[in-house]
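Enquirer: Mind folding the following:
(one chain, ligands or ions: 1)
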Amino acid sequence: MKVTIFGTGYVGLVTGACLAEMGNHVVCVDIDAGKVDRLARGEIPIYEPGLEPIVKRNHADGQIDFTTDAAAGIAHGDIVFIAVGTPPDEDGSADLKYVLGVAGTIGQHLERHAVVVNKSTVPVGTADRVREAIAAELAARGVGVEFDVVSNPEFLKEGDAVEDCLRPDRIVIGSSSARAVALLRKLYAPFNRNHERIVVMDERSAELTKYAANAMLATKISFMNEIANIAERVGADVEQVRQGIGADPRIGYHFIYPGAGYGGSCFPKDVQALERTARGAGYEARLLGAVEAVNRDQKTKLFELIARHFNGDLRGRTIALWGLAFKPNTDDMREASSRRLMEALWAVGANVQAFDPEARGETRRIYGERADLVLCEHAWDALQGADALAIVTEWKAFRSPDFARIRAVLKTPAIFDGRNLYDPATVEEAGLAYYGIGRGRSL
Ligand code: UGA
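Expert: Got it, this is the predicted structure:
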């Protein structure tokens, strides 16, 4: 099938690559000419396992092309995806200017029937606004072309994006048009594998499904962080509690890891946006407000533990950070807990020596050169001359370090384990002070 995708960000690029991999002819359109050139040369702007070979191979085979030419893109696609960003605007609502901008462009160039598919995470009612924006441009041109608008939210996780896209657990198609549903069923048939994964519903339900999924996952995390905060005050170990509750299949083991707070481009933004949507509809989403508030506080947790350990005297101290990205297997620093920690440390005159397998470049891009930030090539380099070590991202490489060696290198041997990677007893036996999240020993 002929597919066009507007936006070569995370969602657009991964979707395009996976659809090309399934034999479709994909044209990716982006306004950023530099990015389009780089992609055409096989340079992938994000770190995402497995993405590069798929893009390179399909580009070499002519299955995927990159262009800034919107008109050519629209002429190509029987199905036109909108996968551009929806950044939060000042009040936390999703800003639809890019989505509606693409919709307008589609209306300006559409010459024949197309199914326009919204993949960006957009507030409920956006499909209607996209439809209106396209129709307004068609009317202005005096053209009577038919089109359908579908909401088809994306559920991929960064770091697992290719896998999630090639092997989705469900495919939500929000549309009231039988013609559009039939076309998308055909497009997604190869992704069904051993059983039907397509769930068809109306546009608004599909839009809300996306927010509900992310809000539910964020709620699980904030809930566990709250339990962790209770645990450390009553002398319990949240890790034992986690295993105790996860065994109940109604709760499950997934997404109940307490830690230094959730980050990324999705949860913080989507929880806020859903809250605003609810408010706009005359409902105060109290639970969502609490999920957000707990997370905001949780992001300062590591700093509080460090400050308490050093009796508030952090000026001139050096803290080593293992992990900068908001989670492992990505270089994404958006809303990363490491940022809150570094900024808090700098604010009191402490220095940071950090290592992350992928996010050093992104960190440098955000913070620039500064005397109180050293980005290290190797995990062990970050410990040289440092007072203590904070674990901020749970990269596999950090899971079983040589604690005796850490003890020997650190000046004031202490580990602040923001992801509860280690067994407190093992760390303490090695002669280090151990602080985790909600482990009964943190206060
Ligand atoms: C999230 C959702 O998991 C995807 O299903 C969704 O498609 C995506 O948002 C999106 O809307 O595009 P992502 O932001 O890539 O995916 O990352 P997650 O793996 O969900 O992690 C989010 C944050 O939660 C990370 O900071 C992670 O460290 C934290 N987390 C996760 C916890 O603190 N505890 C957990 O138990 C799980």
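Enquirer: got a list of what Ala404 touches?
Expert: Contacts here follow CB atoms under 8 Å, 6 or more residues apart in numbering; on that basis Ala404 touches Ala430, Gly431. Any C-beta I mention is one placed from the backbone N, CA and C, and that applies to glycine too.
Enquirer: Where does it fall, secondary structure wise?
Expert: Per DSSP states H and E: Ala404 is located in helix 403-409.
Enquirer: same deal with Asp148?
Expert: Asp148 belongs to strand 147-151 when assigned by DSSP H and E.
Enquirer: got the contact list for the residue of the chain positioned farthest from its centre?
Expert: Relative to the C-alpha centroid of the chain, counting by CA atoms, centre = their mean, Gly142 is the outermost residue, at 41.2 Å. Gly142 is in contact with no residue at all, counting by CB under 8 Å, 6+ apart.
Enquirer: any idea how far it is from His113?
Expert: The gap separating Gly142 from His113 is 17 Å, by CB to CB, to the nearest Å.
Enquirer: try Leu166
Expert: Relative to His113, and taking CB to CB, Leu166 is found at 28 Å.
Enquirer: Compare these two (neighbour count), which wins?
Expert: For Leu166 and His113, the more surrounded residue by other CB atoms under 10 Å is Leu166, and the numbers stand at 18 against 13.
Enquirer: and the nearest residue to the more buried one once chain neighbours are set aside, what helix or strand is that in?
Expert: Distance criterion CB to CB, 6 or more residues apart in numbering; nearest residue to Leu166, sequence neighbours excluded, is Cys18 at 5.3 Å. Taking DSSP H and E as the criterion, the element that holds Cys18 is helix 10-21.
Enquirer: what element comes up after that helix heading to the C-terminus?
Expert: Assignment by DSSP H and E places the next element after helix 10-21 at strand 25-29.
Enquirer: contact partners of that next one?
Expert: Residues contacting strand 25-29 (CB under 8 Å, 6+ apart): 1-8, 12-13, 16-17, 19-20, 36, 39, 58, 62-70, 72-73, 76-77.
Enquirer: cool, and stretch 273-290?
Expert: By CB under 8 Å, 6+ apart, stretch 273-290 touches 86, 88, 91-94, 121, 123-124, 211-212, 215, 219, 222, 271, 292.
Enquirer: again, but for stretch 300-311
Expert: Residues contacting stretch 300-311 (CB under 8 Å, 6+ apart): 260-261, 314, 317, 319, 337, 340-341, 344-345, 348, 387-388, 390, 392, 412, 414, 416, 418, 433, 435, 437, 442.
Enquirer: Pull up the per-residue confidence for Asp89.
Expert: Model confidence at Asp89, given as pLDDT, is 85.
Enquirer: from now on call the first residue 15
Expert: Fine by me, first position is 15 from now on; the one you just mentioned is Asp103.
Enquirer: Can you give me the neighbour number for it?
Expert: 13.
Enquirer: tell me the contacts of Arg331?
Expert: Phe324, Ala364, Asn365, Asp401, Ala402, Thr426.
Enquirer: redo that, cut-off 6 Å
Expert: Ala364, Asp401 (CB atoms under 6 Å, 6 or more residues apart in numbering).
Enquirer: Check which residues of the strand or helix carrying Met238 are buried.
Expert: Met238 belongs to helix 217-248 when assigned by DSSP H and E. Neighbour-count burial for helix 217-248 flags 217-218, 220-225, 227-229, 231-243, 245-246 (criterion: 16 or more other CB atoms under 10 Å).
Enquirer: how would you label the residue in the stretch 315-457 of the chain positioned nearest to the ligand: helix, strand or coil?
Expert: Per CB to the nearest ligand atom, Lys341 is where the stretch 315-457 of the chain lies closest to the ligand, at 4.1 Å. In three-state terms, and counting by DSSP: H, G, I helix; E, B strand; the rest coil, Lys341 is coil.
Enquirer: And for it, the neighbour number?
Expert: Counted with other CB under 10 Å, Lys341 comes out at 20.
Enquirer: Quick check on it: phi, psi?
Expert: Backbone geometry at Lys341, expressed as degrees, to the nearest 10, gives phi -160, psi 170.
Enquirer: For it, which residues are in contact?
Expert: Contacts of Lys341 (CB under 6 Å, 6+ apart): none.
Enquirer: again, only using 8 Å
Expert: Lys341 neighbours (CB under 8 Å, 6+ apart): Glu172, Gly173, Gly277, Gly278, Thr407, Glu408.
Enquirer: Could you report the distance from it to Asp174?
Expert: With CB to CB as the criterion, Lys341 and Asp174 are 10 Å apart.
Enquirer: next one: Ala304
Expert: Noted for Ala304: a distance of 28 Å to Asp174, by CB to CB.
Enquirer: now swap in Val213 and tell me
Expert: Distance of Val213 to Asp174, given as CB to CB: 21 Å.
Enquirer: re the thing from before, just the angle between the helix holding Met238 and strand 161-165, please?
Expert: Interaxial angle of helix 217-248 relative to strand 161-165 (axes from the mean of the first three to the mean of the last three CA atoms, to 10 degrees): 20 degrees.
Enquirer: ok so, going back, buried stuff in the helix holding Ala418?
Expert: Phe417, Ile420, Val423.
Enquirer: what about the closest residue to the last one other than its chain neighbours, neighbour count?
Expert: Okay, so that is Val423. Once flanking residues are discounted, Val423 sits nearest to Leu397: 4.5 Å by CB to CB, 6+ apart. If you count neighbours by other CB under 10 Å, Leu397 ends up with 24.
Enquirer: looking at it, Leu397 is touching Leu424, isn't it?
Expert: Yes: the pair Leu397 and Leu424 passes the contact test of CB atoms under 8 Å, sitting 6.1 Å apart.
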